[in-house]
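Enquirer: here is my input; please provide its structure:
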Amino acid sequence: MEVIKLRDEFIKLGQALKAAGLVESGVEAKDVIQEGLVLVNGEADTRRGRKLYDGDVVSFDGEKIKIVK
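Expert: Here you go, the predicted structure:
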């Protein structure tokens with residue numbers, strides 16, 4: 001499980017996917033999010049700008065990202 005440490009109060013979903021290296025670009029992040037392939041805390045979320053906070057878990061393509069403060 002990849003861990004992303006927050007520098008601010010939150011990170012946006014598209015940014016988190018890029019930071020974890022699960023997508024190559026913002027365009028790819030937008031596409032996989034809009035297709036419903038990304039889960040946030042177990043539920044599909046199609047908003048690229050979804051704000052992720054401490055404790056959130058993102059799942060995509062068999063990988064997980066945990067957001068920590």
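
Enquirer: quick one: secondary structure of I33?
Expert: The three-state label given to I33 by DSSP: H, G, I helix; E, B strand; the rest coil is helix.

Enquirer: my bad, should have said Q15
Expert: Strictly by three-state DSSP, Q15 counts as helix.

Enquirer: for the strand of greatest length in the chain, buried residues please.
Expert: Ranked by number of residues, the top strand in the chain under DSSP state E is strand 63-68. For strand 63-68, the neighbour count (16 or more other C-beta atoms under 10 Å) marks I65, K66, I67 as buried. From N, CA and C alone the C-beta is placed, and that goes for glycine too.

Enquirer: how about the second one, what does it touch?
Expert: Contacts for K66 were tallied using C-beta atoms under 8 Å, 6 or more residues apart in numbering; they are M1, E2, V3, I4, G55, D56, V57.

Enquirer: next, count neighbours for G26.
Expert: G26: 13 surrounding residues under other C-beta atoms under 10 Å.

Enquirer: dump the residue contacts of it.
Expert: Neighbouring residues of G26 by C-beta under 8 Å, 6+ apart: G14, K18.

Enquirer: same check on Y53?
Expert: Contacts for Y53 were tallied using C-beta under 8 Å, 6+ apart; they are L6, E9, F10, I67.

Enquirer: and which of these is nearest to A16?
Expert: I67 (6.9 Å; C-beta to C-beta).
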